[in-house]
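Enquirer: Based on what follows, work out the 3D shape:
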Amino acid sequence: MPVRCPLCRATGDPTDVRGADGRGYHLCSACRLIFADPRHHLPAGEEKARYANHRNSAGNRGYVGFLNRVLLPTLPYLDKSMRGLDYGCGPGPTLSRLVRRRGIACDDYDPLFERRPLRPPYDFIFSTECFEHFRSPDRDIRRICGLLRPGGVLAVMTERWTTIERFAEWHYTRDPTHVSFYHDRTFDYLGQRHGLEPLWRDEDRVAVFRKMRKRPSRPGGGEGAVKRGDPRAEMTRKARLCRQITTK
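Expert: I've put the predicted structure just below:
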């Protein structure tokens, strides 16, 4: 039976794959998203209860170190005149506190725990360990991009899958609240779909984008591309240095 991809909306006969948890998944041949069959989605109440058990805080050094994997590469693109958002902050907002310690304003929002009034448009948005929970990723990612001003920065952290063989043994599928899994090619699709210029991407988990003010007229062109002599080239260089620091 044809299945519609919840991200790119392609309809067809996707490849069926299995995760380490034994659940059934579908692989979209168009955007390379792997998504759980809706029959395996947890009831909303049970899903929220699992999130509530997370014990993350700014006092947890291990968790702060984990968040630095996305924070450090993003900082070169931020300044104290900006106002941002931690989208999907969970029951214990932490990343926003780390940002505010650097003198940069940052709001918290979570669809389940922190339903405070949003104040868009934002100059930057962090979404850490959030994309994998999206049951309707096209809708949710469109919403996030809609909260970001043109020229704003989007920093995403979600572990990416690499091969079908590794997916079958991948620890990331063992969490029953994880239902959407992204490939490098999926992130390429997101960039094209939402007009996001890639600024930085690590080997497995973090990607930083800039929302372009104007869609490029051809691949590699347009207003969002970094050109020689552009101050953003120096910012990109600093981000690469951050990557070297965080991977040592």
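
Enquirer: Bridging across strands, which residues link to the spatially most central residue of the chain?
Expert: The C-alpha lying nearest the average C-alpha coordinate of the chain belongs to residue 156 (C-alpha atoms, centre = their mean; 2.8 Å). For residue 156, the beta-bridge partners under DSSP bridges are residue 127, residue 207.

Enquirer: Quick check: it touching residue 124?
Expert: No: with contact defined as C-beta atoms under 8 Å, residue 156 does not count as touching residue 124 (11.7 Å). From N, CA and C alone the C-beta is placed, and that goes for glycine too.

Enquirer: Next one: residue 99 from residue 156, what distance?
Expert: Distance, residue 99 to residue 156, using C-beta to C-beta, to the nearest Å: 15 Å.

Enquirer: can you pull out the helices in this protein?
Expert: 44-52, 61-74, 95-100, 137-146, 164-167, 184-194, 231-247 (DSSP state H).

Enquirer: who wins for proximity to residue 111 among those?
Expert: With C-beta to C-beta as the measure, helix 137-146 is the member of the helices of the chain nearest residue 111 (8.6 Å).

Enquirer: What are the contacting residues of the closest one?
Expert: Residues from elsewhere that reach helix 137-146 (C-beta atoms under 8 Å, 6 or more residues apart in numbering): 6-9, 33, 35, 87, 120, 125, 127, 131, 134, 154, 180, 190, 194, 196, 211.

Enquirer: And that helix, what's buried?
Expert: 137-138, 140-141, 144-145 (16 or more other C-beta atoms under 10 Å).

Enquirer: residue contacts, the residue nearest to the centre of the chain?
Expert: 70, 127-128, 130-131, 187, 206-209.

Enquirer: got CSV for those, with distance to residue 18 too?
Expert: Output for the contacts of residue 156, formatted as CSV (distance: C-beta to C-beta, whole Å):
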residue, distance to residue 18
70, 29
127, 27
128, 27
130, 24
131, 21
187, 23
206, 27
207, 26
208, 32
209, 31
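
Enquirer: For ChimeraX, what selects the buried ones among those residues?
Expert: Filtering the contacts of residue 156 down to the buried ones (16+ other C-beta under 10 Å) takes a single ChimeraX command:
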select :70,127,128,130,131,187,206,207,208,209
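
Enquirer: So which of the contacts of residue 156 is the closest to residue 113?
Expert: residue 130 (12.1 Å).

Enquirer: What count of nearby residues applies to residue 89?
Expert: 25 (other C-beta atoms under 10 Å).

Enquirer: Please name the bridge partners of residue 86.
Expert: residue 108, residue 126.

Enquirer: doesn't residue 104 make contact with it?
Expert: No: using C-beta under 8 Å, residue 86 is not in contact with residue 104, being 11.6 Å away.

Enquirer: So for the two, which sits in the more crowded spot?
Expert: residue 86 (27 against 19).

Enquirer: Give me the residue ranges of this protein where confidence is low.
Expert: Flagging of the chain using pLDDT under 70 yields the residue ranges 1, 52-55, 114, 215-248.

Enquirer: can you rerun that using 90?
Expert: 1-3, 12-15, 21-24, 38-40, 42-61, 90-92, 111-117, 213-248 (pLDDT under 90).

Enquirer: ok, the residue nearest to the centre of the chain to residue 117 distance?
Expert: From residue 156 over to residue 117 (counting by C-beta to C-beta), the distance is 23 Å.

Enquirer: again with residue 125
Expert: 16 Å.

Enquirer: more crowded one of these two?
Expert: residue 125 (27 against 6).

Enquirer: What is the burial count for the nearest residue to residue 71 once chain neighbours are set aside?
Expert: Counting by C-beta to C-beta, 6 or more residues apart in numbering, residue 71 lies nearest to residue 98, which is 5.9 Å off, once chain neighbours are set aside. Look at residue 98: counted by other C-beta under 10 Å, it has 18 neighbours.

Enquirer: hang on, the earlier thing: which one of the buried residues of helix 137-146 sits closest to residue 170?
Expert: The nearest member of the buried residues of helix 137-146 to residue 170, counting by C-beta to C-beta, is residue 137 at 18.2 Å.
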